[in-house]
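Engineer: What follows is a predicted protein model with its sequence.
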Amino acid sequence: MANSTHETNMDMKDKAILVSLVTDQVKKSGINPEYSLEELVKLAETAGVEVLSVISQNKEKADTKWFIGKGKVEELRLVADELGATTAIFDQDLSGAQVRNLEASLDLKIIDRTQLILDIFAQRANTREGIIQVELAQHSYLLPRLSGHGKNLSRLGGGIGTRGPGESKLETDRRHIRNRISDLKRQLEEVTRHRKLYRERRKKSGVIQVALVGYTNAGKSTLLKQLTAADVYIENQLFATLDPTSRTMELPNGKEIVLTDTVGFIQNLPHDLVAAFRATLEEVNEADLILHVVDASSEMREDQMKVVHKILEELGAADKPQIVLFNKKDACTPEQLQMLPSGKGYKKISAFDEADLLSIREMIQEELAGETVKFRIPAERGDITSVIYRVGDVINTEYDESDVIYEVQVQQGEYEKHGYLLKDFIEV
């Protein structure tokens, strides 16, 4: 996009005060406000913002006019003047009216958590699809708040609309944004159609798909690189990966699968962003197996896992076969490692440990292995025998007069592709 948030931030070198309001509703939601605020600091730093100070307030409910209390607004103004802040970033979403009132009172750029995440996504989008998805999410977020974003309008809209005859600028802006949203949705539908065709071709060819999912900065991209030697961007920051990356990976038995890295999840992931990225996230739905990568060293590990599970539920992928990989074991204390679940479907790993990488490949191979099926093949049917070795691993062979009985652990993708040739030879 011509006027991206990233360019604005880079030019202005935003200096921000972060603000959190802890209401009764927040307490009931189960969200840890302290951790959420720590996460906001990381988000701000990821966006290239210099964090000057943090202000928090406990209040029964949000103020309809200011969001925080009027006294807190005055305190924020004094701190901003003293520190030379240019921006106030709120950890919760604001209404258009609240943004307008805060802007007028504080003479600061006012940003909420959703805008900040959208800003980061705008910086990271590289593919055509990613850029379309981010812009769609930005406009969908902006439209209902248009009247409240005076200073911020250029950040998200990029000089939207022109004054029409007999119309106010705001009405023109609204019409322009609605038209742009419709146009972006059409573009995204076309991209989605191509992606769907590609998925169908991949399914017909019997390619097995494994998706990496997890909380942002859990180490998914590092794991993809270590398992596949992929040339991917790796950085210790939130949302280092935005556009999904797929690479082939060979299992110990020589079979090849496709391993796909996906965008990291985060608590309070903006609804508009989830909606816009649904086409990309559907890669998770199409996967034969999910690798849930967890930062085992994080104090908020369990909460992060709940966030990932909740988003997988929203995508309709929560019931898919899943392996949980507790990553960064080298950064854990012995006590932390002892508290981690173990057993089938769980593995404590370091993405830089070769033995762990081999173990992951073996776990994937075991999980993808289908049921064991017996086939009775006439000895003269060499053409069918070759199919037997294509669809799975022969674990036992017996000879019965003129027939050969093969016990095969079928591989899901290959069996779906070639199994129709064997249906008349299944030993009941």
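Structural biologist: In hand now; what should we look at? Residues are numbered from 1 along each chain as shown.

Engineer: domains of the protein?
Structural biologist: Annotated domains of the chain cover 5-125, 207-352, 369-425 [automatic domain parsing].

Engineer: JSON lines please, covering the ones you listed and showing mean neighbour count and distance to E135.
Structural biologist: Quick note: C-beta positions are derived from backbone N, CA and C, even for glycine. JSON lines is the format used below for these (neighbours: other C-beta atoms under 10 Å; distance: least, C-beta to C-beta, whole Å):
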{"stretch": "domain 5-125", "mean neighbour count": "18", "distance to E135": "8"}
{"stretch": "domain 207-352", "mean neighbour count": "18", "distance to E135": "8"}
{"stretch": "domain 369-425", "mean neighbour count": "16", "distance to E135": "36"}
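
Engineer: doesn't F326 fall inside a helix?
Structural biologist: No - using DSSP: H, G, I helix; E, B strand; the rest coil, the assignment for F326 is strand, not a helix.

Engineer: Report the contact partners of it.
Structural biologist: V294, A296, L340, Y346, K347, K348, I349 (C-beta atoms under 8 Å, 6 or more residues apart in numbering).

Engineer: ok, now R376?
Structural biologist: Listed by C-beta under 8 Å, 6+ apart, the contact set of R376 reads D400, D403, V404, I405, F425, I426, E427.

Engineer: can you redo the residues you listed as JSON lines with secondary structure?
Structural biologist: Putting those into JSON lines (three-state DSSP) gives the following:
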{"residue": "D400", "secondary structure": "strand"}
{"residue": "D403", "secondary structure": "strand"}
{"residue": "V404", "secondary structure": "strand"}
{"residue": "I405", "secondary structure": "strand"}
{"residue": "F425", "secondary structure": "helix"}
{"residue": "I426", "secondary structure": "strand"}
{"residue": "E427", "secondary structure": "coil"}
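
Engineer: just those residues now: which is nearest L118?
Structural biologist: Relative to L118, the closest of the contacts of R376 is I426; by C-beta to C-beta it sits at 53.6 Å.

Engineer: Would you confirm that the closest one contacts T372?
Structural biologist: No - using C-beta atoms under 8 Å, I426 is not in contact with T372; the gap is 11.8 Å.

Engineer: the strands in the stretch 151-300 of the chain, which residues?
Structural biologist: Taking DSSP state E, counting those that start in this stretch, the strands of the stretch 151-300 of the chain run over residues 209-214, 245-250, 256-261, 289-295.

Engineer: Quick one, which of those strands gets closest to I384.
Structural biologist: strand 256-261 (23.6 Å).

Engineer: Direction included, what does the closest one pair against?
Structural biologist: Applying DSSP bridges, strand 256-261 is found paired with strand 209-214 (parallel), strand 245-250 (antiparallel).

Engineer: by how many degrees do it and strand 289-295 diverge?
Structural biologist: Calculated by axes from the mean of the first three to the mean of the last three C-alpha atoms, to 10 degrees, strand 256-261 forms an angle of 40 degrees with strand 289-295.

Engineer: Restrict strand 256-261 to CA atoms and write it as CSV.
Structural biologist: Provided in CSV are the C-alpha atoms of strand 256-261 (Å, rounded to 0.1, in the frame of the first residue of the first chain):
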residue,chain,number,x,y,z
GLU,A,256,8.3,-36.8,1.4
ILE,A,257,5.7,-34.5,3.0
VAL,A,258,5.0,-30.8,2.8
LEU,A,259,5.7,-28.8,6.0
THR,A,260,3.9,-25.4,6.2
ASP,A,261,4.7,-22.6,8.6
